Structures are given as C-alpha cells and as structure tokens.
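**Student:** this is a predicted model, with the sequence first.
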Amino acid sequence: MLGDAETKQLIRRAKQGDGVAKETLITANVSLLKSIVKRYLGKGVEYDDLFSLACMGLLKAIAGFDEAYDVRFSTYAVPMIAGEIKRFLRDDGSVKVSRALKKAAREINRYIEHYTVEHGSQPTVKELAATFHMEEGEVVFTLGSGRMPVSIDEEGEYKDEKTATLSERLPSKEDPEDMIDRMVLKEAIEKLPERDKKIVVLRYFRDMTQSEVAKAIGVSQVQISRIESRIISQFKRDLTG
C-alpha cells in the first residue's frame with residue numbers, strides 16, 4: 001500500500017506523462033479496482049472488460065485529482081471508477097433523467113414562478129444555487145433536464161447568463177450521469193436517520209475505519225458493519241431505481 005504523500009507524488013508525475021507512475025498507481029490500487037468490479041459481475045460483461053473499464057476510471061481520477069480537495073485519493077477515485085463502469089453498462093449511453101432530478105427541476109421551476117410574481121423579475125442562477133444548496137452548474141443542468149434534448153449552443157434564459165451558451169455554462173469536467181448520481185445520493189443521505197447519516201459521513205467523508213466509527217457512535221464494530229451494509233443496499237436501490 002502506498003502512503004498518502006507517495007500517492008500524491010506519483011499523481012503529480014503521472015499528470016506530467018510519466019507512464020511508470022501511472023502503472024505504479026494502478027498496481028497499488030488493484031485491490032480497490034477488484035472490489036469495485038465485483039459489484040458489477042453478472043451483468044453480461046466479462047470480468048476482464050470490467051477491470052479494463054475500472055482502470056480507465058482510475059486513470060481519469062488520476063488526471064482529475066486536485067490535492068486541494070483535502071481527501072484521500074481513494075475517496076475521490078471510487079465514484080470515478082464506478083461511474084466509468086456504469087456508463088458502459090447503461091443502454092446506448094443515454095442520460096436517464098432520474099426521479100430525483102425531475103423532482104428538483106419541478107421545485108426550482110415552482111420557486112422561479114413565485115419569485116417572479118413577487119419581485120417582477122426572475123432570480124439569477126447564483127440566487128437559485130444559494131436557495132437550493134446546489135452548485136450553479138447543478139442548477140443549470142437540472143433546469144435543462146426538463147427540456148432535453150437541447151442545443152449546446154442555446155443561450156440561457158436568466159438575466160445573468162444571457163450571453164452564455166449551455167456548452168459554456170455546464171462544468172466541463174463533470175459528466176451529466178455522475179451529476180445525476182451525486183444528486184440522487186445527496187437526496188438518499190438526507191433521508192437517513194441521524195445515526196445512519198453520521199455513520200456515512202464518518203466512514204466515507206472522514207475516511208474512518210469501522211472500528212473508529214463504532215467507538216465514536218458507541219456500538220460494536222459488527223453493528224457498524226451491518227448498518228453500513230444496509231445503508232449501501234438502500235443506496236444501490238436508490239441509484240438504480
């Protein structure tokens with residue numbers, strides 16, 4: 001296993017085109033890659049093909065990782081690797097607008113209507129982002145989802161984006177499918193009981209072990225393992241439902 005400092009050093013070298021550094025990072029993360037691949041076995045794709053996709057996802061994670069994120073590389077890489085496999089498995093690669101995305105679009109549009117009546121003008125994307133606790137790119141994508149397909153050269157509707165086309169407004173590095181999954185995941189976490197929510201935060205956003213979480217929560221490690229398995233199963237149903 002590589003240490004955090006060594007991993008970051010290899011990532012810097014890999015970004016500069018060092019093939020040996022890339023191979024070292026892949027080799028060091030084989031166990032992680034295999035654990036993610038196992039989730040998608042039995043879906044009509046050979047193991048070797050899934051592993052190749054996982055490696056592609058890891059390489060994308062290496063290219064996109066920013067040390068300013070202040071998280072472990074593995075924490076950042078896991079959703080990138082899984083996303084690469086999920087995109088391949090989805091029918092013809094088309095974006096499926098989830099129920100959560102449709103719900104968010106309805107809520108934002110309803111807010112816009114009420115705001116316009118009250119203030120005589122439409123809210124800016126920045127104001128919508130602050131109101132709905134989203135990034136501005138998420139707001140643009142959510143509003144656009146209700147009228148897909150849309151030309152990437154179409155100009156915006158809101159007063160602070162009249163001169164910007166959709167291709168200019170959407171975040172260039174974030175795939176729409178990943179954005180949908182992130183929104184669904186965010187909604188799923190919000191629905192959890194407080195204890196379950198705390199476990200998710202400690203395990204996957206603070207990188208604590210099950211034993212460390214068990215000590216913080218005041219239960220056994222076995223209980224944390226069972227609770228975590230239940231939460232993950234629920235998340236999978238939310239993301240695929």
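**Tutor:** The structure has been received and is ready for your questions. Residues are numbered from 1 along each chain as shown.
**Student:** now the helices for this protein?
**Tutor:** Secondary structure of the chain by DSSP state H: the helices cover 4-15, 19-28, 30-38, 47-64, 73-89, 99-119, 125-131, 136-145, 166-169, 176-191, 194-200, 210-217, 221-240.
**Student:** turn those helices into a markdown table, including mean pLDDT and mean neighbour count.
**Tutor:** To be clear about C-beta, it is placed using only N, CA and C from the backbone, and glycine gets the same treatment. What follows is the helices of the chain, written out as a markdown table (pLDDT from 0 to 100; neighbours: other Cβ atoms under 10 Å):
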| stretch | mean pLDDT | mean neighbour count |
| --- | --- | --- |
| helix 4-15 | 90 | 16 |
| helix 19-28 | 90 | 15 |
| helix 30-38 | 92 | 16 |
| helix 47-64 | 90 | 18 |
| helix 73-89 | 86 | 19 |
| helix 99-119 | 82 | 14 |
| helix 125-131 | 88 | 17 |
| helix 136-145 | 71 | 21 |
| helix 166-169 | 41 | 15 |
| helix 176-191 | 64 | 16 |
| helix 194-200 | 86 | 15 |
| helix 210-217 | 87 | 16 |
| helix 221-240 | 77 | 14 |
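**Student:** and the pLDDT for the residue of the chain most remote from its centre?
**Tutor:** In the chain, the residue that sits farthest from the middle, by Cα atoms, centre = their mean, is Gly120; the gap is 36.0 Å. What the model reports as pLDDT for Gly120 is 83.
**Student:** quick check, Val45 in contact with Leu89.
**Tutor:** Yes: Val45 lies in contact with Leu89 (Cβ atoms under 8 Å); the separation is 6.9 Å.
**Student:** care to break the protein down by domain?
**Tutor:** With domains defined by automatic domain parsing, the chain comprises 4-89, 91-191, 193-240.
**Student:** before we move on, the earlier item: what's near enough to touch the residue farthest from the centre of the chain?
**Tutor:** The contact partners of Gly120, taken as Cβ atoms under 8 Å, 6 or more residues apart in numbering, number zero.
**Student:** also Leu33?
**Tutor:** The neighbourhood of Leu33, defined by Cβ under 8 Å, 6+ apart, consists of 26, 51, 54-55, 58, 81.
**Student:** over to Phe88?
**Tutor:** Residues in contact with Phe88, defined by Cβ under 8 Å, 6+ apart, are 45, 53.
**Student:** any idea how far it lies from Lys191?
**Tutor:** Shown here: Phe88 relative to Lys191, a distance of 29 Å by Cβ to Cβ, to the nearest Å.
**Student:** for Ser220, what are phi and psi?
**Tutor:** Main-chain dihedrals, Ser220, degrees, to the nearest 10: phi -80, psi 160.
**Student:** hmm, it is touching Val213, no?
**Tutor:** No: using Cβ under 8 Å, Ser220 makes no contact with Val213, being 10.8 Å away.
**Student:** against Leu143, how distant is the residue farthest from the centre of the chain?
**Tutor:** With Cβ to Cβ as the criterion, Gly120 and Leu143 are 20 Å apart.
**Student:** and for Leu25?
**Tutor:** Counting by Cβ to Cβ - Leu25 and Leu143 are separated by 38 Å.
**Student:** tell me the pLDDT at Gly42?
**Tutor:** Looking at Gly42, its pLDDT is 83.
**Student:** so what's the residue count around it?
**Tutor:** Per other Cβ atoms under 10 Å, the neighbour tally for Gly42 reads 7.
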